[in-house]
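In: build me a model from this:
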Amino acid sequence: MRLTRFTDIGLRVLIYLARAGERRVPVTVAEVAAQFELPVNHLVKVVGHLARGGWVSATRGRNGGLRLGADAATLSIGTVLRALEGDSELVDCEGSGCRLSGDCQLRAALKTGMEAFYGAMDKVTLAHITHGNTGEKIVLMHRMFLDQGKGIAS
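Out: Residues are numbered from 1 along each chain as shown. All right, here's what the predicted structure looks like:
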């Protein structure tokens, strides 16, 4: 299984926002785009989806920006993955016209594997993946970005 780019970006946004809690100013889309070298147009679509899900709070305007809209300690990665990836089957046996359709055990095996994957991801929260080295790296990224902004304004 491979996650889509949309999901990859969504997870990065959530991880980045999870460690932005102490900041006075909200995170901007431009900041996230610069930090992760992402196209702004695509990022806006992802952030919109995350906001509709209630995981990101987005405020428009001059002093607007992004904040985490969910509790990182309770937001499971499995929930996010299901919402971003969908829960469709890995193989479209019916639509592909496969001659083995109906007699093949692959579909059931893949479904079992997906259920196990999502089950494992349900046990991991956003807080889990933003602790330790990952969290420290994100905090450093925030500091460097904010410090860079101070240098430009001076």
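In: the top helix by length along the chain: how far from the chain's middle?
Out: Among the elements of type helix in the chain, defined by DSSP state H, the one spanning the most residues is helix 132-153. How far helix 132-153 lies from its chain's middle: 20 Å, per Cα atoms, centre = their mean, to the nearest Å.
In: output the lowest mean pLDDT helix or strand found in this protein.
Out: Lowest on mean pLDDT, DSSP states H and E among the helices and strands of the chain sits helix 132-153, with a mean of 79.
In: packing partners of it?
Out: With contacts defined as 3 or more Cβ pairs under 8 Å, 6 or more residues apart in numbering; DSSP states H and E, helix 132-153 has these neighbours: helix 5-18, helix 29-36. Every residue, glycine included, has its C-beta placed from N, CA and C.
In: what's the closest of those helices to residue 57?
Out: Put simply, out of the helices and strands packed on helix 132-153 the one that sits nearest residue 57 is helix 5-18, at 9.0 Å, with distance taken as Cβ to Cβ.
In: follow-up on the earlier one: give the buried residues for the least confident helix or strand of the chain.
Out: Taking 16 or more other Cβ atoms under 10 Å as the neighbour-count basis, helix 132-153 is seen to contain the buried residues 138, 141-142, 145.
In: can you check stretch 47-54 too?
Out: With burial defined by 16+ other Cβ under 10 Å, the residues of stretch 47-54 counted as buried are 47, 49-50, 53.
In: extract the C-alpha set from it and format it as CSV.
Out: What follows is stretch 47-54 as a C-alpha-only set of coordinates in CSV (Å, rounded to 0.1, in the frame of the first residue of the first chain):
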residue,chain,number,x,y,z
VAL,A,47,-5.9,22.3,4.3
GLY,A,48,-9.5,22.8,3.2
HIS,A,49,-10.2,19.1,3.6
LEU,A,50,-8.5,19.0,7.0
ALA,A,51,-10.5,22.1,8.1
ARG,A,52,-13.8,20.5,7.0
GLY,A,53,-12.9,17.5,9.1
GLY,A,54,-12.4,19.7,12.1
